[in-house]
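Trainee: Fold the stuff below for me.
(one chain, ligands or ions: 1)
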Amino acid sequence: MSEHYYSQNPQSKSSPRKWYYQLRGKNFTFESDYGVFSKHEVDYGSRLLIERFEAPLVPGGLLDLGCGYGPIGLAIADSYKGRGVMLTDINERAISLAKKNAQHNGVTNVEFALSDRFSNLSGRQFAAILTNPPIRAGKKTVHQMFEDSKNNLLADGQLWVVIQKKQGAPSAMDKLKDLFGSVNVMDRSKGYYILMAKK
Ligand SMILES: C[S@@+](CC[C@H](N)C(=O)[O-])C[C@H]1O[C@@H](n2cnc3c(N)ncnc32)[C@H](O)[C@@H]1O
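Mentor: Below you'll find the predicted structure:
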């Protein structure tokens with residue numbers, strides 16, 4: 001049976017691989033595996049989001065929503081050591097890899113939660129939420145993530161999203177405009193858009 005990277009509990013065979021990547025000037029070692037998005041290198045869109053992100057002045061924690069094996073949350077946590085960063089995913093294998101990757105890279109200002117969107121975050125509020133959303137889970141899920149994100153941002157908090165034009169950037173922009181009143185295009189490269197909406 002074919003399996004998507006957003007399966008809750010991937011049954012596919014496991015073949016962990018370790019590889020290296022530089023993000024925000026730091027060399028990371030990552031372990032990834034079958035059943036988890038983007039196997040042997042950091043996704044181009046995630047890299048763009050990681051390099052472009054600037055935390056808002058609002059004090060508070062940051063959230064990597066749909067963290068996979070953890071590149072976004074871990075790179076951001078390493079850059080913003082004074083902030084706590086929460087990494088969440090619906091996929092158990094992703095969360096266990098993200099935890100291992102935090103340990104291997106000495107990133108300690110992080111927390112993890114296995115969660116379908118915000119279901120296990122018990123109303124926590126964040127200064128910024130970053131996401132490379134699960135396009136294959138469908139537009140309804142992705143747009144619901146944007147709505148939930150708005151509800152879980154502190155006042156003046158920011159939602160940062162990377163999305164490809166051909167995978168729904170225009171409709172994501174419309175949805176974010178409806179929800180937040182406006183949306184900023186912070187960067188564009190190779191068909192990927194970095195969008196930022198402020199609460
Ligand atoms: C495009 S991948 C990005 C993964 C990782 N952030 C990266 O940059 O490599 C989207 C992630 O969202 C997760 N996901 C899918 N549906 C979800 C849901 N309902 N709640 C939380 N995470 C979900 C998937 O398991 C996947 O890891």
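Trainee: ok, now which ones touch the residue nearest in space to the middle of the chain?
Mentor: Centroid-nearest residue in the chain, with C-alpha atoms, centre = their mean: residue 131, separated by 3.4 Å. Shown in contact with residue 131 (C-beta atoms under 8 Å, 6 or more residues apart in numbering): 64, 65, 66, 72, 145, 149, 159, 160, 161, 162. In short, each C-beta sits where N, CA and C put it, glycine included.
Trainee: ok, so of those residues, who is nearest the ligand?
Mentor: Distance to the ligand, by C-beta to the nearest ligand atom, is smallest for residue 66 among the contacts of residue 131, at 2.6 Å.
Trainee: if I look at the closest one, how far off is residue 143?
Mentor: From residue 66 across to residue 143, the span is 14 Å (C-beta to C-beta, to the nearest Å).
Trainee: who's more crowded, the two?
Mentor: In this view residue 66 and residue 143 are compared by other C-beta atoms under 10 Å, and residue 66 has more residues nearby, 27 against 19.
Trainee: Give the full set of residues in contact with that one.
Mentor: Shown in contact with residue 66 (C-beta under 8 Å, 6+ apart): 88, 89, 90, 131, 132, 133, 134, 145.
Trainee: and which of those residues is nearest residue 167?
Mentor: residue 133 (9.1 Å; C-beta to C-beta).
Trainee: Against which helices or strands is the lowest-mean-pLDDT helix or strand in the chain packed?
Mentor: Every helix and strand in the chain was compared by mean pLDDT, DSSP states H and E; the lowest is strand 17-23, with a mean of 91. Here strand 17-23 touches strand 26-32, helix 44-52, helix 71-79, going by 3 or more C-beta pairs under 8 Å, 6 or more residues apart in numbering; DSSP states H and E.
Trainee: For residue 167, find the nearest of those.
Mentor: The nearest among the helices and strands packed on strand 17-23, by C-beta to C-beta, is helix 44-52 at 9.2 Å.
Trainee: before we move on, the earlier item: run through the bridge partners of the closest residue to the residue nearest to the centre of the chain other than its chain neighbours.
Mentor: Leaving aside its sequence neighbours, residue 131 sits nearest to residue 65 (C-beta to C-beta, 6 or more residues apart in numbering; 4.2 Å). Beta bridges link residue 65 to residue 88 when assigned by DSSP bridges.
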